[in-house]
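Novice: Need the 3D shape of this:
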Amino acid sequence: MVLAAFLVSLLLFLAAAAFTTVRGFGLYRHARRVGGAFETELSAFEERTARTEELLARAESSSRDLEAALARLRMSQARLQVLRSALESSQDRVRWLRAFLPL
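Specialist: Below you'll find the model as predicted:
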């Protein structure tokens with residue numbers, strides 16, 4: 001009787017060990033597959049992040065260049081305004097000479 005109970009318990013133990021081993025290998029293979037997918041996605045994410053950082057750096061550089069060009073444009077516009085006002089004032093001063101010049 002004890003021997004039969006021992007054999008039944010041994011058989012149940014071996015069946016449980018086999019079941020657990022098969023399920024453990026399945027879990028291991030699934031974890032490797034998921035890990036590979038995560039690794040692929042993480043590497044793609046890192047590439048996109050690096051590309052975004054590069055584009056942001058370029059945008060920042062372009063923004064600085066644009067600010068410098070805008071400052072130069074404002075200075076040029078101010079000079080142009082000074083030259084226009086000087087031209088208008090000189091034209092006003094010599095406008096009376098037009099009566100004597102043949103055009």
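Novice: Residue ranges in the protein under the pLDDT threshold?
Specialist: For the chain, the stretches flagged by pLDDT under 70 are 103.
Novice: distance of the residue positioned nearest the centre of it from residue 46?
Specialist: Centroid-nearest residue in the chain: residue 52, 1.9 Å away (criterion: CA atoms, centre = their mean). From residue 52 across to residue 46, the span is 11 Å (CB to CB, to the nearest Å). Every C-beta, even on glycine, is put in place using the N, C-alpha and C of the backbone.
Novice: for residue 96, same thing?
Specialist: Taken as CB to CB, the span from residue 96 to residue 46 is 77 Å.
Novice: Then residue 99?
Specialist: Applying CB to CB, the value for residue 99 to residue 46 is 80 Å.
Novice: Show me which of these two is the more surrounded one.
Specialist: Neighbour count, other CB atoms under 10 Å: between residue 99 and residue 46, residue 46 has more, with 10 against 6.
Novice: roughly how far apart are the most far-flung residue of the chain relative to its centre and residue 13?
Specialist: Distance from the C-alpha centroid of the chain peaks at residue 1, with 73.6 Å (CA atoms, centre = their mean). As for residue 1, its distance to residue 13 is 19 Å (criterion: CB to CB).
Novice: gap between stretch 10-23 and the chain center?
Specialist: Computed by CA atoms, centre = their mean, to the nearest Å, the chain-centroid distance of stretch 10-23 equals 51 Å.
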